[in-house]
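J.: next comes the sequence, and after it the predicted model I'd like to discuss.
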Amino acid sequence: MAQGTLFIVSAPSGAGKSSLIQALLKTQPLYDMQVSVSHTTRSVRPGEAHGEHYFFVSRPEFEQMIAEGDFLEHAEVFGNYYGTSRAAIEQVLSTGVDVFLDIDWQGAQQIRQKMPASRSIFVLPPSTEELDRRLRGRGQDSEEIIARRMAQAVAEMSHYAEYDYLIVNDDFDLALSDLKTIIRAERLRMSRQKSRHDALISKLLAV
Ligand SMILES: Nc1ncnc2c1ncn2[C@@H]1O[C@H](COP(=O)(O)OP(=O)(O)OP(=O)(O)O)[C@@H](O)[C@H]1O
Ligand SMILES: Nc1nc2c(ncn2[C@@H]2O[C@H](COP(=O)(O)O)[C@@H](O)[C@H]2O)c(=O)[nH]1
């Protein structure tokens, strides 16, 4: 069986990458995929659940996991650690299921180096004003945190050209449709199709 594809999705905080990934997952079973649940040392937001949105751990616990080589990638973002567990990803990909990583540019660079077959997508907001509106509209972060995220947005966006695909998330449905098109095209790559259609190809080529 062909391995699943690892899709990296990055964007400045508030551009809408989590919303796009969640909307995409609702289109299953058409799209057979999972979203990776990261570990983080940031505090829990209202409505978030341990093991569902993140695995919330302490700084010493996270540092212990780094020392034990548990992460495929990890980075410090907005003053907190975030990381992707190696074991969870490798197991799921081996079953042919695609995995989505909602991670920052630092993590994306690490994954590209370790897994060249991964595909990366950058999501841009339509404007700085709209990014600010979305962060505020989400209603989950303090003024201080919003200011910090807005200040970091240009640094995150300056890495857009390192990615394979670019989506502007202005009209949500259009951006979602772009995301689906990318997934569909990647699934139609020869490397995936060949092993999937082995039996058919053998029959068609038999003389
Ligand atoms: N196209 C859109 N038009 C208007 N609002 C949007 C659009 N896309 C997302 N939003 C809203 O913007 C807010 C931020 O979206 P979301 O939480 O998905 O961003 P994010 O990029 O995942 O942020 P973070 O990196 O902080 O997790 C949410 O309230 C979401 O509903
Ligand atoms: N390098 C990684 N970045 C990650 C991971 N999980 C999330 N993130 C990024 O952190 C910021 C902030 O997320 P928030 O949930 O606190 O708003 C955002 O850009 C995420 O993409 C990870 O495992 N590794």
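T.: Nice, thanks for sending it over. Note that the coordinates shown come from a computational prediction; the quantities given were computed from them, not determined experimentally. Ligands and ions are numbered 1, 2, ... in the order given.

J.: near ligand 2, which residues of this protein?
T.: 13, 38, 42, 73, 75, 77, 82-84, 102-104, 106-107 (Cβ under 6 Å from any ligand atom). Every residue, glycine included, has its C-beta placed from N, CA and C.

J.: what do you get if the cut-off is 8 Å, keeping everything else the same?
T.: 9-13, 17-18, 36, 38-40, 42, 45, 53-54, 73-75, 77-78, 80, 82-84, 101-104, 106-108, 110, 141, 149, 156 (Cβ under 8 Å from any ligand atom).

J.: which parts of the helix or strand bottoming out on mean pLDDT in the chain are buried?
T.: Within the chain, no helix or strand scores below helix 190-196, which has a mean of 88 by mean pLDDT, DSSP states H and E. Neighbour counts over helix 190-196 (16 or more other Cβ atoms under 10 Å) mark residue 192 as buried.

J.: can you list the residues that contact that helix?
T.: 1-2, 5, 186, 201 (Cβ atoms under 8 Å, 6 or more residues apart in numbering).

J.: and these, which is closest to ligand 2?
T.: Nearest to ligand 2 among the contacts of helix 190-196 is residue 5, at 17.8 Å by Cβ to the nearest ligand atom.

J.: how far away is the nearest residue to that closest one once chain neighbours are set aside from residue 175?
T.: Spatial nearest neighbour of residue 5, excluding adjacent residues (Cβ to Cβ, 6 or more residues apart in numbering): residue 98 at 4.9 Å. The gap separating residue 98 from residue 175 is 19 Å, by Cβ to Cβ, to the nearest Å.

J.: low-confidence regions, this structure specifically.
T.: Counting by pLDDT under 70, the chain contains low-confidence ranges at 28-31.

J.: name the SS class of the residue of it found nearest ligand 2, please.
T.: With Cβ to the nearest ligand atom as the measure, residue 107 is the residue of the chain nearest to ligand 2, at 2.5 Å. What DSSP: H, G, I helix; E, B strand; the rest coil gives for residue 107 is helix.

J.: wait, it touches residue 114, no?
T.: No - using Cβ atoms under 8 Å, residue 107 is not in contact with residue 114, being 10.7 Å away.

J.: more neighbours, the two?
T.: Neighbours per residue (other Cβ atoms under 10 Å) separate residue 107 from residue 114, with residue 107 holding more: 23 against 12.
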